[in-house]
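*Asks:* The following block contains a protein sequence and its predicted model.
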Amino acid sequence: MPRDRVSRLLDEFSAVTNAAPRPESPARRMVMRNRLPAATLTGASLIVVTVAVAALVFGRSGPSPAVGSSPSSSVSSAPSVPTTAVSTASPESSIGPCDPADLAARITLWEGAAGSRIANVQLTNRGTTDCLLEQLARPQLVNGDGGVLIDGRSPASGDQITVAPGAVLNTLVEAGNYCKAAPPPPVSVAFVFRDGGRVVAQPVDPSDATLPPCLGPTQPATIDMHPWAR
């Protein structure tokens with residue numbers, strides 16, 4: 001409520017109280033017939049004025065915002081757009097193992113080493129689709145009749161390599177310490193796969209009789225291969 005209005009009401013309140021009759025002395029206080037005592041009228045006037053002031057003050061005052069408070073914001077945050085994670089699952093590989101019938105191997109060269117002979121072998125995928133080839137197989141030294149002269153060990157690794165149609169792979173096969181009778185030519189090498197498939201390499205020529213030297217009949221013959229590589 002404005003201060004000037006409060007001051008005006010207080011002035012009116014003072015005027016009413018000053019205008020009320022005051023008794024000259026306690027001895028002259030009299031109660032007039034059919035009238036209230038002067039003191040009662042004065043008290044009633046005070047009550048009326050007080051109630052009026054309170055009504056004006058409390059009736060006009062409304063709830064005021066708290067100090068330091070700020071009006072509620074009407075700005076709403078933009079709705080978040082849910083993102084959907086798209087997972088692209090790669091299809092399972094449909095490449096199967098190489099069919100031995102589609103593989104053509106041949107010895108391109110024999111090399112001599114101390115106590116051993118090394119065959120350079122090429123392998124070609126004659127199939128029409130990609131296939132998986134074990135990088136290591138069990139090598140064998142074989143004669144012209146298909147008999148096994150030296151049998152190698154099965155590899156511990158099962159690593160594979162993808163071979164495209166027409167692709168050529170290379171390896172080296174080293175044989176050592178052959179101490180038996182000379183076999184019927186031609187001498188060649190073969191590869192036995194984990195599933196039992198087998199590929200025999202074409203010899204250098206039909207009369208090839210290359211054999212590793214005998215280093216001691218009491219020592220085992222050996223044959224090992226390097227992994228297939230492009």
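*Replies:* Great, that's in hand. All of these numbers come straight from a predicted model, not from anything done at the bench.
*Asks:* which residues sit against stretch 102-112?
*Replies:* Stretch 102-112 is contacted by residues 117-127, 131, 133, 188-189, 191, 199-204, 208, 210 when judged by Cβ atoms under 8 Å, 6 or more residues apart in numbering. No exception for glycine: its C-beta is placed from N, CA and C like everyone else's.
*Asks:* how about stretch 145-152 as PDB, C-alpha atoms only?
*Replies:* Extracted in PDB, the C-alpha atoms of stretch 145-152 (Å, rounded to 0.1, in the frame of the first residue of the first chain):
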ATOM      1  CA  ASP A 145      53.800 -95.500 -59.400                       C
ATOM      2  CA  GLY A 146      52.300 -93.200 -56.800                       C
ATOM      3  CA  GLY A 147      54.000 -95.000 -53.900                       C
ATOM      4  CA  VAL A 148      55.200 -92.900 -50.900                       C
ATOM      5  CA  LEU A 149      58.900 -92.700 -50.500                       C
ATOM      6  CA  ILE A 150      59.000 -90.200 -47.600                       C
ATOM      7  CA  ASP A 151      55.900 -89.300 -45.600                       C
ATOM      8  CA  GLY A 152      55.900 -86.000 -43.700                       C
END
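*Asks:* Mind listing what's buried along that stretch?
*Replies:* Neighbour counts over stretch 145-152 (16 or more other Cβ atoms under 10 Å) mark 149-150, 152 as buried.
*Asks:* One more: stretch 126-137?
*Replies:* 127, 130-131, 133-137.
*Asks:* Taking those residues, tell me the two that lie furthest apart.
*Replies:* The span of those, defined through Cβ to Cβ, is set by 127 and 136 at 20.7 Å.
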